[in-house]
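S.K.: Next comes the sequence, and after it the predicted model I'd like to discuss.
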Amino acid sequence: MNAKSLFQVVAAAILATACSPEPPLYFGPPSQAVFRPPLEALFSRVDASAINSDAFAKRTPLPGQRGYLQTIRFINDGLKYIDPFAEFFISPDGQMCFRGLVNRQLLEFENYQNYWCMYPAFVNNVEELENNITNVNSVRLWCILEAPQCARRVGWPNYLDESPWIGNSIAAQTRPSKEQRAALEHLIYLMGGNVRSVQASIR
């Protein structure tokens, strides 16, 4: 087998892994990865019971408001409405995590192996972003000034995506964006955080 053929086989295997129709859940590795990154041990599959643990619910909901798990499901459903492989959950260490078209615009570079996560105590405000071109609105969670790069991308290297691994915010496409912004603010409250500035609705 010559070098060109070997390169084509390796490239095809990597693309097959990246384009898998069933993305892994909760920091799990690709099912048939050809190359194992050196940080593999850090991202082994976690126990599903550790996800969305109610141990992180520090406050009770106000009258007429959703409970902790109901709010998480509502946010997750809003992301999946736009992208069926998108995901929102609370990680085992209490971070709010998003998967899908998060902090990027290029669908062809998304392999669903990464999550963007942020601790609720580090959220300054949640902003609703209107997109008049695609009509798919977003929400953006901004970091507090005291933790300016609090957003972290966690997961497997995507060599097609050269965006940084840390950021000052997390933006995710969702619907309905106004209600999703309010749900995120409510979840931050339930988890003991305090949104420091509340955005007026753009509608």
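M.R.: Cool, got the structure.
S.K.: As a check, name the ranges of all strands in this protein.
M.R.: Shown for the chain, the strands assigned by DSSP state E span residues 87-90, 96-99, 114-118, 123-129, 138-143, 151-155, 166-167, 169-173.
S.K.: helices and strands of this protein: which one bottoms out on pLDDT?
M.R.: Ranked by mean pLDDT, DSSP states H and E, the weakest helix or strand in the chain is helix 3-18, scoring a mean of 52.
S.K.: still on that earlier bit, just name the most buried of the strands of the chain.
M.R.: When the strands of the chain are scored by mean count of other Cβ atoms under 10 Å, the highest mean neighbour count falls to strand 96-99 (a mean of 26). Yep, even glycine has a C-beta here, placed from its N, CA and C like the rest.
S.K.: tell me the mean pLDDT for that strand?
M.R.: The average pLDDT for strand 96-99 rounds to 94.
S.K.: distance of Pro92 from Ser49?
M.R.: Separation of Pro92 from Ser49 (Cβ to Cβ, to the nearest Å): 9 Å.
S.K.: These two: which is more packed in?
M.R.: Neighbours per residue, other Cβ atoms under 10 Å: of Pro92 and Ser49, the larger number sits with Pro92, 17 against 8.
S.K.: pLDDT averaged over stretch 164-177 - what is it?
M.R.: 92.
S.K.: what's near enough to touch Ile170?
M.R.: Phe98, Val102, Asn103, Trp116, Met118, Arg140, Leu141, Ala151 (Cβ atoms under 8 Å, 6 or more residues apart in numbering).
S.K.: rewinding a little: the strands of the chain into JSON lines, with extra columns for distance to Pro61?
M.R.: Formatted as JSON lines, the strands of the chain follow (distance: least, Cβ to Cβ, whole Å):
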{"stretch": "strand 87-90", "distance to Pro61": "15"}
{"stretch": "strand 96-99", "distance to Pro61": "17"}
{"stretch": "strand 114-118", "distance to Pro61": "21"}
{"stretch": "strand 123-129", "distance to Pro61": "17"}
{"stretch": "strand 138-143", "distance to Pro61": "20"}
{"stretch": "strand 151-155", "distance to Pro61": "26"}
{"stretch": "strand 166-167", "distance to Pro61": "30"}
{"stretch": "strand 169-173", "distance to Pro61": "23"}
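S.K.: now what about stretch 79-93, what contacts it?
M.R.: The contact list for stretch 79-93 (Cβ under 8 Å, 6+ apart) reads 23, 25-26, 46-47, 50-53, 56, 72, 75-76, 96-101, 112, 115, 117, 136, 172-175, 191.
S.K.: how long is that stretch end to end?
M.R.: Using Cα to Cα, to the nearest Å, the end-to-end distance of stretch 79-93 comes to 22 Å.
S.K.: for stretch 153-170, same thing?
M.R.: Terminal-residue distance, stretch 153-170 (Cα to Cα): 10 Å.
S.K.: I'd guessed Gly193 sits against Pro120; true?
M.R.: Yes: in this structure, Gly193 is within contact of Pro120 by Cβ atoms under 8 Å, at 3.7 Å.
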